[in-house]
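**Q** here is the input, now give the coordinates:
(one chain, ligands or ions: 2)
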Amino acid sequence: MSEETAYVPLLGGAAQCLREGGLVAFPTETVYGLGADALNKDAAGKIYAAKGRPSDNPLIVHIAEVAAMDRLACVNDMARLLAESFWPGPLTLVLPKREIVPDNTTGGLKTVALRMPAHPAALALIRQSGVYVAAPSANISGRPSPTTAAHVIEDMMGKAGYIIDGGPVGIGIESTIVDVTGEIPAILRPGYITKEMLEAVIGKVMYDPAVEKPMEGVPPKAPGMKYTHYAPKGELTLVELSTDNQQQRVVHKLRELAEEKRRQGFRTGIMAPKETLSCYEGAADILVCVGERKNQATVAAGLYAALRKFDDADVDYIYAESFRGEGVSYAIMNRLLKAAGHRVIKV
Ligand code: TXA
Ligand code: MG
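**A** Numbering: from 1, shown residues only. Ligands and ions are numbered 1, 2, ... in the order given. Okay, the predicted model is just below:
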């Protein structure tokens, strides 16, 4: 029995709930999603209410077969090649939408975002329900995306008909979003699938300018990117090296900043990887470990849970080491810089 078929007997109620226009939270390999029938405009509308999400922020439509792409979007060769190479997996493709996709799902845009998730429970749910599943991350708007069912329960209890617990997710940050409507595909949101991985399949890929730096007065192509995302309740500041390689200086600065705020009577937190965590002993009210620096996939997997811990502890100021680098680090820093409102201190 495959992992996916193992879920089938468990999902009857949730699948029916989706068919009847209800909301179901489910695990994917990236983060947990809050799903509804993508072609039922009232159902998709319920998602915005449950999340407190602005209605101009479109939803990603989750499918379980590559063939479903053509039903929902006008598919070009590049998109087909990417889908065949990376699906099921953490890649979302933006394509011109077909008539059947309601405006509620696409936030009024003429394009639709499609993804085939790699989690067996997600695939089983989509297939069993027989609907295409519109799903944003299953957090209240502005909170870190949920990476465990417990996070979903915190944010969505009483709002979703079903919450499916598939354990902690594997990847921990949202899918890479690629707009394939133009001549050169553009990354709208970095993720686990990197620019280099995409280029190995389809040649030149660019970052949408808004990924690096939000531009004054120019709305980003992924409307979601304009909102303050992933913000913990406390004020987060990142500390990083400007030139040399003496991590010790980062430790020193982080300790100094946290201790100063604590002297002023604030509650403080420090976030660091396993390698240096013990160096911060005694410098803040709480220390939170965020994976291992030498294995950045573990940092991605632990990032949102770490940020939620600071919220739970009602911390006023959070100081964190940064994670500049190649590959998945680029996506980690994209989320961390947003969470920090781009507050970075270089030492
Ligand atoms: O990994 C993921 O993608 C997760 C899981 C649940 O699949 N979903 C997720 O959804 O992160 P959400 O709603 O939190 O983020 C969707 C992003 C938003 O920034 C939105 O603006 C963008 O995708 N988006 C959706 N449709 C779009 C479109 N047609 N054109 C441009 N951006 C779009
Ligand atoms: Mg989200």
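
**Q** hey, let's count contacts and neighbours off CA atoms from now on
**A** Fine.

**Q** how near is the closest residue to Gly234 other than its chain neighbours to ligand 1?
**A** Leaving aside its chain neighbours, Gly234 sits nearest to Asp316 (4.3 Å; criterion: CA to CA, 6 or more residues apart in numbering). Using CA to the nearest ligand atom, to the nearest Å, we find Asp316 at a distance of 25 Å from ligand 1.

**Q** now for Asp316: which residues touch it?
**A** Lys233, Gly234, Glu235, Phe266, Arg267, Thr268 (CA atoms under 8 Å, 6 or more residues apart in numbering).

**Q** what's the pLDDT at it?
**A** The confidence metric pLDDT takes the value 97 at Asp316.

**Q** so the closest residue to Val344 other than its chain neighbours, which state does it fall into?
**A** Spatial nearest neighbour of Val344, chain neighbours left out: Leu238 (4.7 Å); criterion: CA to CA, 6+ apart. With DSSP: H, G, I helix; E, B strand; the rest coil as the basis, Leu238 sits in strand.

**Q** quick check: beta-bridge partners of Leu238?
**A** Ala320, Val344 (DSSP bridges).

**Q** and for it, the neighbour number?
**A** Around Leu238 sit 24 other residues, with neighbours defined as other CA atoms under 10 Å.

**Q** distance check, it against ligand 1.
**A** Distance from Leu238 to ligand 1, by CA to the nearest ligand atom: 23 Å.

**Q** and the helices in the stretch 101-250 of the chain, which stretches?
**A** All helices of the stretch 101-250 of the chain, identified by DSSP state H, counting those that start in this stretch, fall at 103-106, 120-129, 149-156, 195-202, 209-212, 247-263.

**Q** go through the longest one and flag the buried ones.
**A** It refers to helix 247-263. The neighbour-count check on helix 247-263 (16 or more other CA atoms under 10 Å) flags Arg249, Val250, Val251, Lys253, Leu254, Arg255, Leu257, Ala258, Glu259, Lys261, Arg262 as buried.

**Q** quick revisit: verify the contact between the residue nearest to Val344 and Ala339 for me.
**A** No: the pair Leu238 / Ala339 is not scored as a contact, 9.8 Å apart, by CA atoms under 8 Å.

**Q** between the helices of the stretch 101-250 of the chain, which one is nearest to ligand 1?
**A** Ligand 1 lies closest to helix 103-106 among the helices of the stretch 101-250 of the chain, at 5.6 Å (CA to the nearest ligand atom).

**Q** please consider this matter closed, and thank you.
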